Structure formats: structure tokens, C-alpha cells
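In: The sequence and its predicted three-dimensional model are supplied below.
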Amino acid sequence: MVVIPGGPCRNPVYLGDLGGLAAHRPLAIVHVRGAGRTGHLSRGWWNDADDVLAVVDALGLEAPDVLAHSAGTRLAIAAATRFEGRFRSLALVTPAAAWLTGTAHDGAAVAARRKEPEVAAAVAAFNEPDPEDDRQFAEALRVQAPAGYARWAVREQRHAGLGASTLAAARAWFRDVPDDAAERVRAAALPPTLVVGGAEDILSGVEPVRAYADALGAGLAWIEKCGHYPWVERPQEFIHAVVPWCVAAR
């Protein structure tokens, strides 16, 4: 299974073994441009689809399953759109969803159910001016981190510190994307697709994920009591969603 991290351009160490998924499937984790072991910045997620195909070809894979997380789901569906027939299935985990359909983000409504002061501070930080350097960028990510989880306990706090990104890499991710990218994705003959959503995901929201799955003609698996990182928060439920799906997609 080819795995594409989110972030965007976050060091994929934060994926770990995806809650034990590596015991079920060999994982080829892509280090996207600007992250992990790579040095060059992204050419934009639409253009970086070439890199996904290069990984597939280098591994000698005819049509692998692809799992992508968060911002990485853009890269996954760009690759599937641009290179039809080269991927057997897609598993899109807590996707960055609103861009595809224009559905209003409802993360604030999800956050309103939470009582922790750290979550309130995280949500408020989303309305702050954009960071101007890596110091401000890292601080913004630190403050916003509690919004990524359904609870802000020791395990979640430890995970939030894994996998750095940079401001330059995150900015580069969004450059040179075609104006009609969403239309091209919706018109493409995508492989069988599963969307995995967290029912308490403040970052992706709920309704945008539901609309995203509908637009892609995808299956939708909701994981309860879960935010943006289901393999961390609900690993058994995550495995039970993804592994049978990959078998069924064969």
C-alpha cells in the first residue's frame, strides 16, 4: 500500500505504523517534496502527482492501493485523476474536504461540543493572521494541535509533537493548481474509494467530509469519538475500516 502523508508536507514520522496497519499490508510511505527526506519544495499538489506515479513505477507496482491522510488526499486524488487505471483503490482518511464541493466548514460546531480550554484556544487561533516565518508557523501549529483530537490527553499530546513541517513547504503545496482541479476530479473515473471520517474532527469537519464522499461516489466510514488521527485515537476501528475495504476492492 502506497501511503501519502498530510500536513501538508509533514514529516511522515507522525504516521507511525498506522495503528498496526503495517502488520496487515506492506506500507510504502511517500516522503513528498518539502517533507521528511526530501529537499526540494513542492511544485503544488496537482503537479506532484507525477511523484506518486514515479514511486509506483520504481516499486514495480502495476496498480497499488493508496492510502492518504488529510492534505495528502489532494495528492492522492490528483494522481488517480491524472493517471487513470494506475491505482486499484483509494482510502482517503480525514480528508481536507471543503475545497472539492464548496460545502461550508462546520468545525466550529464540532468544537462547540468540547469543554477543554486548550480546544477553545486552538479554534480561536484559526482566526489569527497567517504566520510570516517558521517560528510563528511552529507556534501556530502548537496552539492549534488540540483541535486535531477528540480528547487532549497524554497520548494525543505526544503524537502532536511528531512530524514537523515548514512554512515554505506548506505554501508551496498550493501553488500552480489548475482552476478547474475540482471539476476534473469530480469528472474522473476514479478507482473504488473509501473515505474515513472522524465524527469529532474539528479540522476537516463533518458535513464537508460527507459531501466529499458523495461527490467522489465513495464509501464512507465514520469512526466515533475520533478526531483527525483515527489510527492514534481509535486504531482498532481504523484497521477494521481499512483492511476489509482493501480486500473488497480487489
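Out: It's in.
In: Closest to the centroid, which residue in this protein?
Out: Ser70 (1.5 Å; Cα atoms, centre = their mean).
In: what sits against that one?
Out: Neighbour list for Ser70: Gly6, Gly7, Pro8, Val93, Thr94, Pro95, Ala96, Leu203, Ser204, His228 [criterion: Cβ atoms under 8 Å, 6 or more residues apart in numbering]. For every residue, glycine as well, the C-beta is placed using N, CA and C.
In: and the gap between Phe83 and Phe137?
Out: Noted for Phe83: a distance of 32 Å to Phe137, by Cβ to Cβ, to the nearest Å.
In: who has more neighbours, those two?
Out: Phe137 (20 against 14; other Cβ atoms under 10 Å).
In: what packs against the helix or strand hosting that one?
Out: If you go by DSSP states H and E, Phe137 is part of helix 134-144. Under the contact definition 3 or more Cβ pairs under 8 Å, 6 or more residues apart in numbering; DSSP states H and E, helix 134-144 sits against helix 117-125, helix 167-172.
In: Please list the outside residues in contact with it.
Out: Here helix 134-144 has contacts from 121-122, 125-126, 128, 131, 160, 164-168, 170, using Cβ under 8 Å, 6+ apart.
In: Among the residues you listed, show me the least confident.
Out: In terms of pLDDT, Ala164 ranks lowest among these, with 89.
In: Alpha carbons of stretch 65-84, as CSV, please.
Out: Below are the C-alpha coordinates for stretch 65-84, written out as CSV (Å, rounded to 0.1, in the frame of the first residue of the first chain):
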residue,chain,number,x,y,z
ASP,A,65,-3.9,0.6,-3.2
VAL,A,66,-3.2,4.1,-2.0
LEU,A,67,-4.0,5.5,1.5
ALA,A,68,-3.7,9.2,2.1
HIS,A,69,-4.2,11.4,5.1
SER,A,70,-5.6,14.9,5.4
ALA,A,71,-3.9,17.3,2.9
GLY,A,72,-2.3,14.3,1.3
THR,A,73,-5.7,13.2,0.0
ARG,A,74,-5.5,16.0,-2.6
LEU,A,75,-2.3,14.5,-3.9
ALA,A,76,-3.9,11.0,-4.0
ILE,A,77,-6.9,12.0,-6.0
ALA,A,78,-4.8,14.2,-8.3
ALA,A,79,-2.7,11.1,-9.1
ALA,A,80,-5.8,9.0,-9.6
THR,A,81,-7.4,11.7,-11.8
ARG,A,82,-4.3,12.3,-14.0
PHE,A,83,-3.2,8.7,-14.3
GLU,A,84,-6.5,6.7,-14.6
